[in-house]
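>>> Give me a 3D structure for the following:
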Amino acid sequence: MERNSRNSGSHGASFTNNISFRQCGNTEVYHKHQRSRRSSKVLKWDKDNLTWGVVRYSTKIRPLFQWRTFQKAFRIWARHSNLRFKYSHRKPDIKILFARLEHGDGDYNAFDGRGKLLGHAFLPANGGTHFDDDERWTLKGGNFSFDQIHLPTVALHEIGHALGLEHISPRLAVMSPYFTAVKMKLTSDDIAQLRELYDRRRPVPQKRKFKETFVTLSPPTTEEVDNAIDSCNGIRDLTSVPNRNGRNELQIFAGNLTFKVSSSGKKIKSTLWTSDIYRGVPSDVDAASFYKETGTQYFFKGKEVWKFQEHHIVAGFPKTVKMHRMYETPRASVSVTLWHSTRLFIFGSHTYWEWNPETDDTRTRKPKPIYRHWRGLPDNVDAAIQWRDRYLYFFKEGQYYKVHPSRKMVIYGYPKPMPPPWLRRFCQNKKS
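The predicted structure is shown next:
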């Protein structure tokens, strides 16, 4: 927000305490590289895909909770525009910083301790979004006392300024200069101002409809199920996917079949052909992974990739991926979550790639050798998954390897004979 002051320049956000309410004083925060929104040039980002990062967290709240707060705020702005935001720790476009007093923006933009100025943000394309760390930040809503500042509300407002929005007069608007209540939803006035700068949301691609081209097969026999799983030695890949009740279920791909298993290892549904569950996907896929950030299920087979969202294949898929033309085809894939980010890796016979869910392609054309980057992990793995304990489990020829997710190294004492403890109940019961 802004303060009315002697300086002209970029938008800045500053909450101030008043007798009965906190107020954003509507002042520009001076920066030599920025111009005021009141000039003839409208300042906005010239791209739709923006990155954000945190230079320094507040000392008042656990960093993970702060990260989630900012992530939610960015999603609210993205919901009503064509903007898309992704966290990045490498030169992000929007840089969030908690600081005290003078913090590098000049004396005229210095914070003043607890109770008055709460933050400020620069207009595009500076990206600086700063908060006063002397304040007593809280994540709890409800009534506010003068020494408790609701971070989600302030964050949503400041990000608006970082996108180029000005203050508006309606008191209930997120971009109102007055801080009187929890504000976690954009009003029509906020949305109207946002869309003056940025287009409406992109049209949602129509889901491909499957009609007579797909034939439902008869259920697999007990013999077919036993031959496919073979005491869990026939597993092609595994994914952990949320069901309609919000609970994660384990999907095991073996042969042409898909087994659905609870977290306790109990089979929860009848075994089905993979092509009956995911229409359009071949039954004998080479690798599969679920990317939870976008709720997307990927299937890899040979040179082709299938992308599913909400059990429907996404328009434009399957498609051929160039990485398969000169190098190895996939054998396994795994989605790895580390604190605040998720990465998807694809393993061939001797090399691996990292998949980019934003472009639906590999991040680099040239794969990397497994032995050099995953210490102790053998070539030719058959399947992989990140389990609830956060460790990675790789399967190969009747053995499994437990791998540290960030260090990428096999834990001492492994490999061990199949199955792992969390899969033992399922593997010992092969009945359909």
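>>> Can you show me the strands along the stretch 51-200 of the chain?
Counting by DSSP state E, counting those that start in this stretch, residue ranges of the strands within the stretch 51-200 of the chain are 84-87, 94-99, 119-121, 128-132, 137-138, 149-150, 178-179.
>>> Now do the second one: everything it contacts.
Just to be clear, that refers to strand 94-99. Strand 94-99 is touched from outside by 50-59, 70, 85, 103, 111, 127-133, 159, 162, with contacts defined as CB atoms under 8 Å, 6 or more residues apart in numbering. The way it works is simple: take the backbone N, C-alpha and C, and place the C-beta from them, glycine included.
>>> could you give the angle of it to strand 128-132?
Interaxial angle of strand 94-99 relative to strand 128-132 (axes from the mean of the first three to the mean of the last three CA atoms, to 10 degrees): 20 degrees.
>>> So what's the gap between strand 94-99 and the chain middle?
With CA atoms, centre = their mean, to the nearest Å as the basis, strand 94-99 stands 20 Å off its chain's centre.
>>> picking up where we left off before, out of the strands of the stretch 51-200 of the chain, the one nearest residue 386 is which?
Comparison of the strands of the stretch 51-200 of the chain against residue 386 by CB to CB identifies strand 84-87 as nearest, at 18.9 Å.
>>> Measure how the longest helix anywhere in the chain sits relative to strand 94-99, angle-wise.
As assigned by DSSP state H, the longest helix anywhere in the chain is helix 63-79. What separates the directions of helix 63-79 and strand 94-99 is an angle of 140 degrees, with the same axes, to 10 degrees.
>>> Of all the residues in helix 63-79, which ones are buried?
66-67, 69-70, 73-74, 76-78 (16 or more other CB atoms under 10 Å).
>>> thinking again about what came up before, and among the strands of the stretch 51-200 of the chain, the most buried is which?
Relative to the other members of the strands of the stretch 51-200 of the chain, strand 119-121 carries the highest mean neighbour count by mean count of other CB atoms under 10 Å, namely a mean of 28.
>>> contacting residues around the host helix or strand of residue 400?
Residue 400 belongs to strand 399-404 when elements are defined using DSSP states H and E. When contacts are taken as CB under 8 Å, 6+ apart, the neighbours of strand 399-404 outside the stretch itself are 374, 376-378, 381, 391-395, 409-411, 414-420.
>>> Residue 174 is in contact with residue 186, correct?
Yes - counting by CB atoms under 8 Å, residue 174 is a contact partner of residue 186 at 5.7 Å.
>>> So between these two, which is more surrounded?
Set side by side, residue 186 and residue 174 show unequal neighbour counts under other CB atoms under 10 Å, the larger going to residue 174 at 25 against 21.
>>> residue contacts, that one?
Under the criterion of CB under 8 Å, 6+ apart, the neighbours of residue 174 are 153, 156-157, 160, 183, 185-187, 190.
>>> partners of the strand holding residue 400 in the sheet?
Taking DSSP bridges as the criterion, strand 399-404 pairs within the sheet with strand 392-396 (antiparallel), strand 409-410 (antiparallel), strand 416-417 (antiparallel).
>>> closest one to residue 235 among those strands?
Across the strands paired with strand 399-404, the minimum distance to residue 235, taken as CB to CB, is reached by strand 392-396, at 5.8 Å.
>>> Measure how far that closest one is from the centre of its chain, please.
The gap between where strand 392-396 is centred and where its chain is centred comes out at 24 Å by CA atoms, centre = their mean.
>>> Residues in contact with that strand: which ones?
235, 332, 334, 336, 377-378, 380-387, 400-405, 415, 418, 420.
>>> C-alpha coordinates for it, CSV please?
Listed in CSV are the C-alpha atoms of strand 392-396, where the atom choice follows Å, rounded to 0.1, in the frame of the first residue of the first chain:
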residue,chain,number,x,y,z
LEU,A,392,11.7,-42.8,-1.7
TYR,A,393,11.3,-46.5,-2.5
PHE,A,394,12.8,-48.0,-5.6
PHE,A,395,12.0,-51.5,-6.7
LYS,A,396,14.2,-53.9,-8.8
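>>> quick one: average confidence on it?
Confidence over strand 392-396, taken as the mean pLDDT, stands at 93.
>>> buried ones in it?
Within strand 392-396, the residues that qualify as buried are 392-396, counting by 16+ other CB under 10 Å.
>>> in the stretch 201-350 of the chain, what spans have low per-residue confidence?
Judged by pLDDT under 70, the stretch 201-350 of the chain has its weakly predicted residues at 201-231, 233-234, 243-246, 255, 263-272, 322-327.
>>> Tell me which stretches of it form strands.
All strands of the stretch 201-350 of the chain, identified by DSSP E, counting those that start in this stretch, fall at 235-242, 248-254, 257-261, 272-273, 287-291, 296-301, 304-309, 312-313, 319-320, 332-338, 341-347.
>>> Out of the ones you listed, the one nearest residue 280 is which?
Ranking these by distance to residue 280, with CB to CB as the measure, places strand 312-313 first at 4.9 Å.
>>> Adjacent strands (with direction) for that closest one?
Based on DSSP bridges, the pairing partners of strand 312-313 within the sheet are strand 304-309 (antiparallel).
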